[in-house]
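just the structure for this:
(4 chains)
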Amino acid sequence: MTDDFRRRCAAFFAAHGQHPEAVPSRSRDPAAYVAAARDHQRALHGAGLAGITWPAAYGGLGLGPEFRRVFDEEAAGSETFADLFTIGFGMCGPVLLALGTEEQRRRHLPPMLRADEVWCQLFSEPGAGSDLASLSTAATPDGDGWVVTGQKVWTTYAHHSDRGLLLARTDPGVPKHRGLTMFVADMAAPGITVRPLRQATGDAEFNEVFLDDVRLGPDDVVGEVGGGWRAATLMLANERVALSDNPIGSPVTLDAVVALARRHGRADDPVVRRRLGEAYVAQQEVDLFARRIAAEVRVGNDPGSLASVGKLAAARVARQVAALALEIAGPEAVAWDPDDPDGGLWAYGELYAPSLSIAGGTEQIQRTILGERVLGLPREPQADRDVPFRDLRRSG
Amino acid sequence: MTDDFRRRCAAFFAAHGQHPEAVPSRSRDPAAYVAAARDHQRALHGAGLAGITWPAAYGGLGLGPEFRRVFDEEAAGSETFADLFTIGFGMCGPVLLALGTEEQRRRHLPPMLRADEVWCQLFSEPGAGSDLASLSTAATPDGDGWVVTGQKVWTTYAHHSDRGLLLARTDPGVPKHRGLTMFVADMAAPGITVRPLRQATGDAEFNEVFLDDVRLGPDDVVGEVGGGWRAATLMLANERVALSDNPIGSPVTLDAVVALARRHGRADDPVVRRRLGEAYVAQQEVDLFARRIAAEVRVGNDPGSLASVGKLAAARVARQVAALALEIAGPEAVAWDPDDPDGGLWAYGELYAPSLSIAGGTEQIQRTILGERVLGLPREPQADRDVPFRDLRRSG
Amino acid sequence: MALYAPEHDDLRAAVRGLLEKAADSAAVRRTVAAGGFDAALWQRMSGELGLAGLAIPEEHGGSGYGPVELGVVLEEIGRANLPSPYLTTVLAGVALSTAGAADDLLPVVAAGERLATVSFGTGWTLDGDRVTGLVDHVPDGTTADRLVLVGAPGGVVVDLAGADRRPLRTMDLTRGQARITLAGAPARPFAAPHGWAGRVGAVAAVLVACEQVGGADRVLETASAYAGERVQFGRPIGSFQAVKHLLADMLVALELARSTQQHALGLLAAPGADPAAVDAAARSARVACSRAFVQISSDAIRVLGGIGYTWEHDAHLYFRRARASAALFGAGDDLDRLATHAGLVPS
Amino acid sequence: MALYAPEHDDLRAAVRGLLEKAADSAAVRRTVAAGGFDAALWQRMSGELGLAGLAIPEEHGGSGYGPVELGVVLEEIGRANLPSPYLTTVLAGVALSTAGAADDLLPVVAAGERLATVSFGTGWTLDGDRVTGLVDHVPDGTTADRLVLVGAPGGVVVDLAGADRRPLRTMDLTRGQARITLAGAPARPFAAPHGWAGRVGAVAAVLVACEQVGGADRVLETASAYAGERVQFGRPIGSFQAVKHLLADMLVALELARSTQQHALGLLAAPGADPAAVDAAARSARVACSRAFVQISSDAIRVLGGIGYTWEHDAHLYFRRARASAALFGAGDDLDRLATHAGLVPS
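All right, here's what the predicted structure looks like:
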């Protein structure tokens, strides 16, 4: 029953599939990367292949998860632009589907699927990272709407986004988890300023977002007023699944390292072979775990917490592979000819790897989730759970 | 100025030095090991080489730490029986020197140096391991002395010991750290029952010690009544230094692994060479750190907390070396001919290694010590610090 | 598409139910002390539950299931840390039935009336129907009735009744090994299809991985439960991040390893799977599950502290099995072969 | 017997005092942006403090100290993560003065008026007083005036004034490297005592280790301070075991590495030390200190979280230097050679 669908997918990728290396570099030419991503998604949409499992009422295809698997199989080897779209399709979309009003879904999901609107996630703040619930961006009631003031940070692709899901504090008089509300924010609204943050790699994918008296309407509330923590938790669980299913890739892949080892004549070096074998197993673990989790999602189980396994492992394997590349490349990995376009790849991979241990929740947070929610271990005593937000001890 | 002393040491080891492999096995014949250890120490004492840095008034030689270094250099390669004597010379002795009365020192230190009395440490309890201060063995005032009832556990060599330093609770009505007192206990006293505990290796070096209405006199108190925590802290700091300076050895040494690799024809195997190189560096780190710490002790700094570095590293290198041996020996490491006397050595080493991560304070405790006392990081909030002992939540 | 269907849950429940009753810690320790295995339990497993014949074709007295079902049973045996000839006997059954050999032996193996084991060692030579050589480190080699030597182009069945078998001392107290010396022992050689030895090797690796995952799962359960109960500093030690995160890392190792195990099991059961893919998956599973079981059973001792280091606690029994099972059936060259699978073909 | 005496503390205080004033983070970033090094600061270091000539004999214009004093300075340079030709220039000074070569060059090097660097590469040949070949990955190769080629039985001094030197792109933004192509360049060969190349190699390894320990020390300080201040969940993150124990492990790595560094430095300074022992100690120090600096500067980013991953934070500058300094001066075969030192002599 999926055969016809499979043929359509195959035809699409035969015509429009792009090899990942033929796509503009996310790192070196982000604007071209984003433009190519939008074009790709629009072509998918035109071919009737966007939003496979999303309801038809919101522009999706309304198909079962087995069709998604078929799509993934046919897409293998082609660029999916997941780095740009994961936040929308993997995180914001599912939250709107679960908690949005009918009107919000009809208004936002179709343009998301057409890539007319790219979405971002406005959660973290300078003072609220791991302790997200302590955020202080304030949404103050104003008429029938709200006025928002505060600062967000680490907002991936905010400078290329049209909308975002924003978490803000609507009631500082109750304990921190209870006074939050989620909103849809128009990134072009007056009062929003986006400032790219340069990362250790030199790239600028993250941003600081300043909100200065930004007006939101009553229709922009997602879920309940004061129910923002529940919405955020749902979004973060979807994020872990998305990161597990489609780990954010370092450009230094296992295949790239194999090619490097060949070029350096190390195919028979027992030490390289052994470490490569270890990296291969680690990569298999990550890939097969992701596939298992995706299967669990399909049969309707909630793998939200277990998905932290995938996130931890993906970060670890990225570090392992990057370090192996450095070892094989030797002095050339850290000092290379300026004319060699790939000369800096190994150093870039090594600088990129630490970000995977931080973005989407630090490793400490993931381990706590696994310990408490999967293994059922007792929580730490938390002094601040019942204290009104305004009385809490906070950084800076 | 140490030359004459060096000659005496050299003469002693020329006459009495025993190669570690010629000594009865601590594991297979513990009674013979203990007898040999006592003989060795008596010979040292007879040669005027016992208690190098201890005051002459208590049977020592009253020499400076540089003499200890000379002794160690001359002792290199000979068995020191440190496993049996570390608790007495490295821990109980220094505590008596620092906190004991003149009478206690005169009474206990000379027979300790002659090995007429072997000492043990009666601290841990089934319900009080990492949280030593929560121990519940009770010392109740009785006449001018005390009656002690309770149970100790993991008491190394208790079954070969004549005396021990005992930590007991003299006041359950104050917070746990404040109601403890340290005592000298005669292991032959009525009411003390020692039951060896078999370990995962099959050895029985640890014991359970049951105390049932054991009478102690007023002269048995070490330091102040109620000052037991301070005494215990001093003892544990000395323990860390002792373990750093003379890490409890696994029988699977780096030299043994080198010999194993040679026997298996792996001297040219690049993978083995690399891993052996790594183990060599790790072992150098442990040895050189221990030497550095010993030098610090000599110049009068307090390395008590930093010594946790040595303990953590010694445990790690023991695991690393044991695992390397297993890998080199392959299937023979886990299944060997019963006629091969050394056939079980690699499995034994692997089973022995975990004990180093537990005994003398778990790795978690060591890391907390380093984080708080060396790096100055803030303590965790502790709910139980100011609660009277009798109101605390405890295991079992 | 999940690997296990509801009927697998039933099989698992039946095996677990039996082992929880008949093979609790005390029973396992009695068997360990006596040596060998619990013959009465073996009878119930093979008789009542028909487990010995699970993967033997129906025409030879088995029930015609495959590796997935064996995997379910072995996970449960691993959980219980049961001394049992199951692993070696069913592996021998797979070896013989996939070669189409020894039709007369299969029914008694399926019935649990004969025990068999397998070796991939190469130190033997065949001369007509006589085999000579040294076959070392044979698991269950002291208790098996038959030994299947896996070679190329085919294999050999050896009757161990009169063989010189020397029991080895083992780190693992739940599974014996023997050194078997064959001096012109009567043997039945048989032919096998192309790729048979590799296939049997892959099955061996994956079945061991199943046992390892079962053992690791149980050890993690035990350590987590202890961490939830043991109080120090006024609260359960599992509420401290140092312990919680150590346990979380054990969970990570387990779930990653389980993913490789399930994938390999699924590939073994898939008709017409590419042998190279099967080899890669089986070796990956062996590497991942061996490491996970060693890590988890070793770190469990750290979580359990002193109590976990005593002879009386089962922690060391699992750790011993973890270390020993990682060396079964010639696991030594896995990483090198996996480098080739990753694309680094030696010159 | 401690390695450092009170006069070393004075030296350290003087260097630290200067660098804290003249080479704070903003100053270092200005130098990084401009490329090369801060010439004014170099003048003060070599002029006011006489650091360039520390280990050059007094008869050649230096102050006649040794490796221990160089180590003190390099620890401080490492702490500040200073772009500086110090490491390469003093190493060249050691190479020349221990060979008794280039008496006319030493005084200007000691005065800081000429910069020099060193290569252990073997891709060159000498023909009379002309040298030809490719010398790649030369640290400070774009700014040095002279290049000392370390070979056997002696070395060569090359004037780089007219050499073809191509700047490489580097992961480390604080130290440049060059590929130097010599086509019959004028060169001054010199003889050297037996074992000279090995000795210079050991000095190179240990001096790099000193810089690494200094950098690691500073990074750990920074991360610990942040963990003590940054509040999440109502308390400083350093009070959480996950962060506290991560920092403790960084401390363990640092203190172990420091032990190998101090030991190696002590052996270098000890007259008549066994060259094999020196080699073992120097390589151990390089392995331990390289690893410790990489681990500490990488884990510091984890402690610092997002803020530590920004370009504006210095964390990545230290991490870059850690990775690059681990590959300086031909560190590749250390582990193999250390296996030999451990007693596993290749056949």
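
around chain D, which positions in the stretch 1-150 of chain A sit nearby?
For the stretch 1-150 of chain A, the contact set with chain D under C-beta under 8 Å from any C-beta of the partner chain comprises A:124, A:126, A:128, A:129, A:130, A:131, A:134. (C-beta placed from N, C-alpha, C; glycine too.)

and of these, the nearest to residue C:295?
Residue C:295 lies nearest to residue A:130 out of the residues of the stretch 1-150 of chain A next to chain D, by C-beta to C-beta, at 26.2 Å.

am I right that the closest one is in a helix?
No. Counting by DSSP: H, G, I helix; E, B strand; the rest coil, residue A:130 is not part of a helix but coil.

pLDDT score for residue 30?
Because you didn't say which chain, this covers chain A. For residue A:30, the pLDDT comes out at 85.

should've been chain C
As predicted, residue C:30 sits at a pLDDT of 97.

which pLDDT value belongs to the residue of the stretch 101-250 of chain A found nearest chain B?
Of all residues in the stretch 101-250 of chain A, residue A:131 sits closest to chain B, at 15.3 Å by C-beta to the nearest C-beta. We have a pLDDT of 91 for residue A:131.

where does the chain dip in pLDDT?
No chain was given, so I picked chain A. Chain A contains residues with pLDDT under 70 at A:244-248, A:297-303, A:395-396.

the chain in question should be chain C.
Looking at chain C by pLDDT under 70, you get C:1-2.

where do the helices of it begin and end?
With DSSP state H as the criterion, chain C has helices at C:6-22, C:25-34, C:39-46, C:67-80, C:86-99, C:105-110, C:196-229, C:241-269, C:275-304, C:315-325, C:334-341.

so which of the ones you listed is nearest residue A:187?
Closest to residue A:187 of those, according to C-beta to C-beta: helix C:241-269, at 36.3 Å.

off-centre distance for the closest one?
Its chain's C-alpha centre and that of helix C:241-269 lie 17 Å apart, by C-alpha atoms, centre = their mean, to the nearest Å.

what packs against it?
Helix C:241-269 sits against helix A:270-298, helix A:307-329, helix A:363-369, helix B:363-369, helix C:67-80, helix C:196-229, helix C:275-304, helix D:241-269, with contacts defined as 3 or more C-beta pairs under 8 Å, 6 or more residues apart in numbering or on different chains; DSSP states H and E.

try it again with 6 Å
If contacts are counted by 3 or more C-beta pairs under 6 Å, 6 or more residues apart in numbering or on different chains; DSSP states H and E, helix C:241-269 sits against helix A:270-298, helix A:307-329, helix C:67-80, helix C:196-229, helix C:275-304, helix D:241-269.

okay, angle between it and helix A:307-329 too, please.
Going by axes from the mean of the first three to the mean of the last three C-alpha atoms, to 10 degrees, helix C:241-269 is angled at 80 degrees with respect to helix A:307-329.

what does the domain assignment say about the chain?
Since no chain was named, I'll use chain A. Split into domains by automatic domain parsing, chain A comes to A:2-117, A:121-226, A:245-361.

right idea, wrong chain: chain C
If you go by automatic domain parsing, chain C breaks into C:6-190, C:196-341.

how about the ones you listed in a markdown table, adding distance to residue A:11 and mean neighbour count?
A markdown table is the format used below for those (distance: least, C-beta to C-beta, whole Å; neighbours: other C-beta atoms under 10 Å in any protein chain shown):
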| stretch | distance to residue A:11 | mean neighbour count |
| --- | --- | --- |
| domain C:6-190 | 35 | 20 |
| domain C:196-341 | 26 | 23 |
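
hang on, the earlier thing: adding mean neighbour count, write the domains of chain A out as TSV.
TSV is the format used below for the domains of chain A (neighbours: other C-beta atoms under 10 Å in any protein chain shown):
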stretch	mean neighbour count
domain A:2-117	17
domain A:121-226	20
domain A:245-361	21
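
nearest to chain C, of the ones you listed?
Among the domains of chain A, domain A:245-361 sits nearest to chain C (C-beta to the nearest C-beta), with 3.2 Å.

any part of the closest one near chain C?
Yes. Counting by C-beta under 6 Å from any C-beta of the partner chain, chain C is contacted by domain A:245-361 at A:258, A:261, A:267-268, A:273-274, A:276-277, A:280-281, A:284-285, A:288-289, A:292, A:295, A:309, A:312-313.

just after the top strand by length along chain A, pick out the following helix or strand.
Ranked by residue count under DSSP state E, the longest strand found in chain A is strand A:206-216. Note on strand A:206-216: by DSSP states H and E, the next helix or strand toward the C-terminus is strand A:221-222.

please work out which residues outside that next one touch it.
Strand A:221-222 has contacts (C-beta atoms under 6 Å, 6 or more residues apart in numbering or on different chains) with A:99, A:100, A:182, A:183, A:231.

now do stretch A:183-202
With C-beta under 6 Å, 6+ apart as the test, stretch A:183-202 has contacts from A:158-159, A:161-164, A:166, A:204, A:206-214, A:216, A:220-221, A:348, A:351-352, D:309-311, D:316.

measure that stretch end to end?
Start-to-end span of stretch A:183-202 (C-alpha to C-alpha, to the nearest Å) is 32 Å.

hey, C-alpha coordinates of stretch A:112-131 in PDB?
The C-alpha coordinates for stretch A:112-131 follow below in PDB (Å, rounded to 0.1, in the frame of the first residue of the first chain):
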ATOM      1  CA  MET A 112       5.200  26.200   7.800                       C
ATOM      2  CA  LEU A 113       4.900  23.200   5.500                       C
ATOM      3  CA  ARG A 114       5.400  25.400   2.500                       C
ATOM      4  CA  ALA A 115       8.500  27.000   4.100                       C
ATOM      5  CA  ASP A 116       6.800  30.300   3.700                       C
ATOM      6  CA  GLU A 117       7.300  30.700   7.400                       C
ATOM      7  CA  VAL A 118      10.400  29.300   9.200                       C
ATOM      8  CA  TRP A 119      10.000  28.900  12.900                       C
ATOM      9  CA  CYS A 120      12.300  29.200  15.900                       C
ATOM     10  CA  GLN A 121      12.200  28.600  19.600                       C
ATOM     11  CA  LEU A 122      12.400  31.500  22.000                       C
ATOM     12  CA  PHE A 123      13.100  29.800  25.300                       C
ATOM     13  CA  SER A 124      16.600  30.200  26.900                       C
ATOM     14  CA  GLU A 125      17.700  33.400  28.500                       C
ATOM     15  CA  PRO A 126      21.100  34.600  29.800                       C
ATOM     16  CA  GLY A 127      19.900  33.800  33.400                       C
ATOM     17  CA  ALA A 128      17.900  30.700  32.600                       C
ATOM     18  CA  GLY A 129      19.600  27.900  30.800                       C
ATOM     19  CA  SER A 130      19.400  24.500  32.400                       C
ATOM     20  CA  ASP A 131      16.900  26.000  34.900                       C
END
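
sounds good, over and out.
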